[in-house]
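[1] Everything below, folded, please.
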Amino acid sequence: MGVPEERYSKIIGKNEREICLLRGFPCAWGKCAFCDYIEDNGRDAAAMAKLNHGVLKQVTGELGVLEVINSGSCFELPEQTLDEIAEVVREKNIKKLFFESHWMYRKKLDEMRKRMPVPIVFKIGVETFDDDFRQRVLNKHADFSGPEEVAEYFDSPCLMVGIQGQTKEMIARDIEYLKKYFKLGTVNVYNNNTTPIKRDEALVAWFMKEYQWLLDDPAVEVLYEITDFGVG
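    Prediction:
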């Protein structure tokens, strides 16, 4: 079976880079209330490494930047795949690498930074800095004290907006923290999926009008559809 087209893409515009959607072992947490994206994983390391090899072969290095994502954290990718990523980075003259990780792996980030031959921009799915909503409603299992603590470990938070139960004040505070404490960030506009967590259309409409300026902010990527990065 060939590599699905949607596992490799190029992001042109803001933070131009190549992006690969790879397969890893199951997400170590896997209980976020809004996430039904944890099925793209497996337990057969050899089969996953083979698939990932096919995806990574498409990397050209033409943009000098590579992002690697999977349905979980980069630490859940097979060892063989991690070795191959380092190899591709060297061979294709990649200057910067984007990885994503759950909060639970924060103490291991430096380990991964030493393993890769180029600087890593670490993303984290924060969803919201509102502790009660993040922990009780979204069940993120991420008990950081606030944006300052996240910024001690991670470079780029991913926020989620437009969920029923969220308020305008929560979103405003999240965007304020994103701009104040981080150089980069992503804002995902929530789309309904198979989970009970539902989208608030009025809140989405308000956000897209109130924060229209984020679309022109070179440091923030706003994803209106989950496939806006061209993969998935």
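[2] okay, now Q80: neighbour count?
    15 (other CB atoms under 10 Å). For the C-beta atoms, the positions are set from N, CA and C on the backbone; glycine is no exception.
[3] Repeat that for A202.
    Other residues close to A202 by other CB under 10 Å number 11.
[4] Show the contacting residues for it.
    If you count contacts by CB atoms under 8 Å, 6 or more residues apart in numbering, A202 has none.
[5] so it is in which element?
    Element membership for A202 (DSSP states H and E) is helix 201-210.
[6] Okay, buried residues for that helix please.
    Using 16 or more other CB atoms under 10 Å as the burial criterion, the residues of helix 201-210 that qualify are 203-204, 207-208.
[7] Likewise for stretch 98-106?
    Those would be 98-103, 105-106, for stretch 98-106 by 16+ other CB under 10 Å.
[8] how about the helices of this protein, start to end?
    45-56, 79-91, 109-115, 131-132, 147-153, 168-181, 201-210 (DSSP state H).
[9] Same list (these) but as JSON lines, adding distance to Y8 and mean pLDDT.
    What follows is the helices of the chain, written out as JSON lines (distance: least, CB to CB, whole Å; pLDDT from 0 to 100):
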{"stretch": "helix 45-56", "distance to Y8": "6", "mean pLDDT": "97"}
{"stretch": "helix 79-91", "distance to Y8": "12", "mean pLDDT": "98"}
{"stretch": "helix 109-115", "distance to Y8": "22", "mean pLDDT": "98"}
{"stretch": "helix 131-132", "distance to Y8": "37", "mean pLDDT": "97"}
{"stretch": "helix 147-153", "distance to Y8": "28", "mean pLDDT": "98"}
{"stretch": "helix 168-181", "distance to Y8": "28", "mean pLDDT": "98"}
{"stretch": "helix 201-210", "distance to Y8": "29", "mean pLDDT": "96"}
